[in-house]
Each structure stands twice: as structure tokens, then as C-alpha cells.
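A.B. asks: have a look at this prediction, sequence included:
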Amino acid sequence: MNKIAILIPTYNEAVSIVELLSKLTIFRTNSQYQFDLVVIDDNSPDQTADIVENLRIPWVHVLRRPNKSGIGPAYRAGFSKVLADPQYTHIATMDADGSHRVEDLPAMFAAISSSNALILGTRWMPGGCVVNWPKSRQLLSKTGTRYAKVALGIDLNDLTGGFRIYSAELLNSLKLKDMDATGYCFQIEMAMAADAAGAGSIQVPITFIERIAGESKMSLGIAIEAFGYVTKLGIGRAITGIYRR
Ligand SMILES: Nc1nc2c(ncn2[C@@H]2O[C@H](COP(=O)(O)OP(=O)(O)O)[C@@H](O)[C@H]2O)c(=O)[nH]1
Ligand SMILES: [Mg+2]
């Protein structure tokens, strides 16, 4: 039987995470899937971590980090926590702000197989869509994915999306300690590492809904970091033909 650890990075998500936890609780009660949750919080000033802990939900854990250092380091800390626990066969990742819908989890979970394929919630494919996202963000996301696709030679439609499932075996085979992407290029770095490891992939169409509460942490700095990072990875991949197997 598969057991999934869902990792959710948070920074000032007090309102959104409570809403998400209540939806996940309902889903979990009626679900055939077994999963636990790890909220990875970067010392949010709005007390996100305390609020989650005070709910005392036995299957929800909080990983506290000292300060805001981007989703890359947060996720890598989360990976190392759950990979140390052999009960977890799969690790899912999702945002706290409701953009990744609990309603899409059954299709994501149903894509789990005995292979190590990366399961990628995908906005930009038939059946997938975005709701209430400004045109500028849509353009940035589509352009970013298109650029990364060409630069890295990876045929996936949503390289920047963070709604994913990795097998523990796949994550254990990757050199996570050597990875250093900070912002959203972390997602690209992980997709590329999985591709280089020959894991294969399964794209699942998802509906991405722009957050209602709280603020996006997306910034120009993060976009520039991603552009520079993809260019660097692309050149490295072109030279070596392979990446961090
Ligand atoms: N722990 C942690 N979580 C973060 C950080 N930056 C963003 N997040 C979380 O990552 C997820 C995606 O961020 P969000 O701001 O919604 O990005 P957007 O959807 O691209 O606008 C949310 O759950 C955020 O709270 C960070 O520096 N540390
Ligand atoms: Mg968001």
C-alpha cells in the first residue's frame, strides 16, 4: 500500500492553510489513499506555524525553519525529513494558497504507479486551465515553461508548476544535497533532474485557481533568478549531455 507525504511550503499563509487543511481533512476521511502532511514554514510573522500546530491534527506535522529562504531550501528540508521515514512511498508537493485544488488530488494520486515517473499537475494542456490569473502571470508562466523546454530539451508543458508527486525511490536517487535553486526555478531544476535520471513523466491536467487570501511571493528577482538558472542549466546540459544523474 502506498503512503504519501504531502509537503506544503508556507510563508504568511495563516488564512489559506486553515482553509486548505479543512478541505484536506474531508478528503482524507473519504479517501482510499493514505497520506500525511508536512507544512514547511519559514518563521512566518503571521504565526502560520503556531496556528497549524494548535489545530493538533495528528497527521499534520510542522517543520519550522528559522527564516524565509525560498521554496527550494524549504522543499529540500521537507524532502530530507520525509525520506528519513521509510513508511512514505511517495512525496507530493502543493501550494498552501488554494491554487492547487484538493479536487485535483484524486487524479494526481490515481496516476501513481509502480514506476518512478514524475507526476506533474499541468495547467497548459487539454483539460487543464488557470482561473483568475492576470494575463501578465499567465504570460510569464507560459513563456518561462516554453523557454525552459527549449533550453533544457524537456518535453513537459508545465515546468514551473509545483503540484507534483515524486516516488521516494526517485528522490533518493537524486543528488538533492548538490541542488541549490532558491526560488521557483527549484521546480525546473527538479523536473530536469528527474528527466536526467530517466524517470519519465505523467502529466495530469489541473485547474489552477489564483489565491483569494494572502499575497503571492513571486517577484522580479525570482523571475530573473529562474531565467539565469535555466540558461545556466541549459548550457551545462548541452555541454555534458546529462544532468546530475
Ligand atoms: N517556506 C516557504 N514557503 C514559501 C516561500 N515562498 C513562497 N512560499 C510558499 O510557496 C507556495 C507558492 O507561493 P506563492 O506566493 O503562492 O507563489 P505564486 O503562486 O507563484 O504566486 C505558497 O504556499 C507560499 O506560501 C518561502 O520563502 N518559504
Ligand atoms: Mg500562489
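C.D. replies: Structure's in. What do you need? Ligands and ions are numbered 1, 2, ... in the order given.
A.B. asks: since we're on P58, how many residues are nearby?
C.D. replies: P58 is flanked by 6 other residues according to other Cβ atoms under 10 Å. Heads up, the C-betas are built off the backbone N, CA and C, glycines and all.
A.B. asks: in a helix, that's where it is, yeah?
C.D. replies: No - assigned with DSSP: H, G, I helix; E, B strand; the rest coil, P58 falls outside any helix and is coil.
A.B. asks: return, as residue ranges, the portions of this structure with sub-threshold pLDDT.
C.D. replies: 241-245 (pLDDT under 70).
A.B. asks: can you give me the helices in it?
C.D. replies: Under the criterion DSSP state H, the chain carries helices at the ranges 14-29, 48-54, 71-83, 105-110, 135-152, 168-173, 185-196, 220-240.
A.B. asks: may I have the first one as PDB, with CA atoms only?
C.D. replies: This means helix 14-29. Below are the C-alpha coordinates for helix 14-29, written out as PDB (Å, rounded to 0.1, in the frame of the first residue of the first chain):
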ATOM      1  CA  ALA A  14      -2.400  31.700   8.100                       C
ATOM      2  CA  VAL A  15      -5.800  32.200   6.400                       C
ATOM      3  CA  SER A  16      -5.200  29.900   3.400                       C
ATOM      4  CA  ILE A  17      -3.700  27.000   5.200                       C
ATOM      5  CA  VAL A  18      -6.600  26.600   7.600                       C
ATOM      6  CA  GLU A  19      -9.000  26.600   4.700                       C
ATOM      7  CA  LEU A  20      -6.800  24.000   2.900                       C
ATOM      8  CA  LEU A  21      -6.500  21.800   5.900                       C
ATOM      9  CA  SER A  22     -10.200  21.700   6.400                       C
ATOM     10  CA  LYS A  23     -10.700  20.600   2.700                       C
ATOM     11  CA  LEU A  24      -7.900  18.000   3.100                       C
ATOM     12  CA  THR A  25      -9.400  16.600   6.300                       C
ATOM     13  CA  ILE A  26     -12.700  16.000   4.500                       C
ATOM     14  CA  PHE A  27     -10.900  14.500   1.500                       C
ATOM     15  CA  ARG A  28      -8.800  12.300   3.800                       C
ATOM     16  CA  THR A  29     -11.800  10.900   5.700                       C
END
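A.B. asks: so does it get close to ligand 1?
C.D. replies: No - using Cβ under 6 Å from any ligand atom, helix 14-29 stays clear of ligand 1, with a minimum separation of 7.4 Å.
A.B. asks: the most centrally placed residue in the chain and ligand 1: what is the separation?
C.D. replies: The residue lying closest to the centre of the chain (Cα atoms, centre = their mean) is G162, at 3.1 Å. For G162, the distance to ligand 1 equals 6 Å [Cβ to the nearest ligand atom, to the nearest Å].
A.B. asks: ok, now D85?
C.D. replies: For D85, the distance to ligand 1 - Cβ to the nearest ligand atom - is 20 Å.
A.B. asks: who touches that residue in this structure?
C.D. replies: With contact set as Cβ atoms under 8 Å, 6 or more residues apart in numbering, D85 has these partners: A5.
A.B. asks: where does the chain come near ligand 1, residue by residue?
C.D. replies: Counting by Cβ under 6 Å from any ligand atom, the chain comes close to ligand 1 at 9-11, 13, 40-42, 68-71, 74, 95-97, 99, 211, 216-218.
A.B. asks: list buried residues within these.
C.D. replies: For those, a burial check counting by 16 or more other Cβ atoms under 10 Å picks out 9-11, 13, 40-42, 70-71, 74, 95-97, 99, 211, 217.
A.B. asks: now, which of the residues you listed lie within strands?
C.D. replies: Judged by DSSP state E, those include 9-10, 40-41 as members of strands.
A.B. asks: adding distance to A110, write the residues you listed out as CSV.
C.D. replies: Formatted as CSV, these follow (distance: Cβ to Cβ, whole Å):
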residue, distance to A110
P9, 24
T10, 27
I40, 25
D41, 29
